[in-house]
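K.L.:
for reference, the sequence and a predicted model appear below.
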Amino acid sequence: MAAASPARLAVGLVIAAAVVSIPAPATAAPKPDESRLRTELKNLNTRVDGLIEKYNLKRVELAEARKASQAATERLATAEQALAVAEKRVAEIVQMGYQGGGASLPTFMLPLTGVGSAVLEQLITEQQAVVNSVTAIRDEKKKAADETAALAAQIRADTAAVEGQRDEAQDVIKDIEKKLQDLVPVSSGRRSDGSWAPQLPSGDDHITPRTRAMRELIKKNFALPFTVGCFRSGSSGEHPLGRACDFMLSSGGTMPATVNQVLGDRIAAWAVENKAKLGVKYVIWKQRINHGSGWNPMGDRGSITENHFDHVHISMY
């Protein structure tokens, strides 16, 4: 075999160098780990709750300090009134002494004897006690006012810090929730045009795979307080077809507690939001129905259960 010419060898080296210098394709970002995201979300929710609790406790402290300041102000006003009365009584007794002793002030100022002297001494003692009381309450009022002002300044600073931390945590929570939303899988049977192929019920629960996937995702994402009923024979709609579930929010026939009504709002909103991924046909909740384009009122069917106030109904394709 003939040796390569220097020119050909040089071209080969240039090509080899070019191949080596071509950057490797970027590695795709790893799929977010659902368990890690859920742990982060739980920790951040706990942190936000702590921040809100701290903020609220500061508000309570400030309210108590303001009440203490107001009470001290009222006690001061009462004491000042009592002092004015005492001073008036002493002035009256002194005036009587002037009148009784004529124009001779020194004679009146000499040690008094008898009932008049005792009364005057008693009044002076009472007056001094009231003066001392007023002084103490004035000090208390000033202390309370100072504490209130200091606490008000502190709570302003704390509130700004807490709200900043809370906003930061909530931004992260929204980001994690969005990532968790991206992890909701597309159910089986979705055609390329977005429509859904029919499915047969299966399993001991007699529901379709899509319905089962929707039920399990809701159980995973929400702490359900009561039972979930899906297949039901002898009724209309999707239940006998294995294509609907009722997520109970009370024991049935009674209005759910406020916290469970809020939970129902969240479940219904989640189902509508993930309609295209899950194959949700419509959602019924609180005497309203949503096919994906907004909530529309329904007629009164006569009971809490029939009007879907005690459960969220989700029908599937």
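P.N.:
Perfect, I can see it now. Owing to the predicted nature of the structure, the values given are computational and were not obtained by experimental measurement.
K.L.:
which outside residues touch stretch 253-266?
P.N.:
Here stretch 253-266 makes contact (CB atoms under 8 Å, 6 or more residues apart in numbering) with 222-223, 225, 247, 249-250, 285-286, 303-305, 309-312. Where C-beta positions appear, they are placed from N, C-alpha and C, glycine not excepted.
K.L.:
give the contact list for residue 176.
P.N.:
Residue 176 neighbours (CB under 8 Å, 6+ apart): 37, 40, 41, 44.
K.L.:
now intersect those with the helices, please.
P.N.:
Taking DSSP state H, the ones among the contacts of residue 176 that sit in helices are 37, 40, 41, 44.
K.L.:
not counting its neighbours along the chain, what's nearest the third one?
P.N.:
Nearest non-adjacent residue to residue 41, counting by CB to CB, 6 or more residues apart in numbering: residue 176, 4.6 Å away.
K.L.:
for the one you found, pull up the helix or strand it's in.
P.N.:
helix 114-182 (DSSP states H and E).
K.L.:
equivalent analysis for residue 259, please.
P.N.:
Per DSSP H and E, the secondary structure element for residue 259 is helix 258-273.
K.L.:
so which elements touch whatever helix or strand comes next after that helix?
P.N.:
Tracing the chain past helix 258-273, the next element assigned as helix or strand by DSSP H and E is helix 275-278. Applying 3 or more CB pairs under 8 Å, 6 or more residues apart in numbering; DSSP states H and E, one finds that helix 275-278 contacts helix 209-221.
K.L.:
contacting residues around the helix or strand following the helix it packs on?
P.N.:
The helix or strand immediately downstream of helix 209-221 is strand 228-229, counting by DSSP H and E. Strand 228-229 has contacts (CB under 8 Å, 6+ apart) with 215, 218, 219, 245, 246, 247, 248.
K.L.:
okay, now the sheet partners of strand 228-229, with direction.
P.N.:
The pairing partners recorded for strand 228-229 under DSSP bridges are strand 244-248 (antiparallel).
K.L.:
pLDDT score assigned to the nearest residue to residue 86 once chain neighbours are set aside?
P.N.:
In space, residue 86 comes closest to residue 127 once its chain neighbours are excluded; the distance is 4.2 Å by CB to CB, 6+ apart. We have a pLDDT of 76 for residue 127.
K.L.:
ok, now which ones touch residue 127?
P.N.:
By CB under 8 Å, 6+ apart, the neighbours of residue 127 are 83, 86, 87, 89, 90.
K.L.:
for residue 81, see how far away it is.
P.N.:
13 Å (CB to CB, to the nearest Å).
K.L.:
same question, residue 147
P.N.:
25 Å.
K.L.:
just residue 42 next, same as before
P.N.:
When residue 42 is compared with residue 81 (using CB to CB), they lie 59 Å apart.
K.L.:
go on, residue 311?
P.N.:
Taking CB to CB, one finds residue 311 at 65 Å from residue 81.
K.L.:
tell me which of these two has more neighbours.
P.N.:
Taking neighbours as other CB atoms under 10 Å, residue 311 and residue 81 compare with residue 311 leading, 24 against 12.
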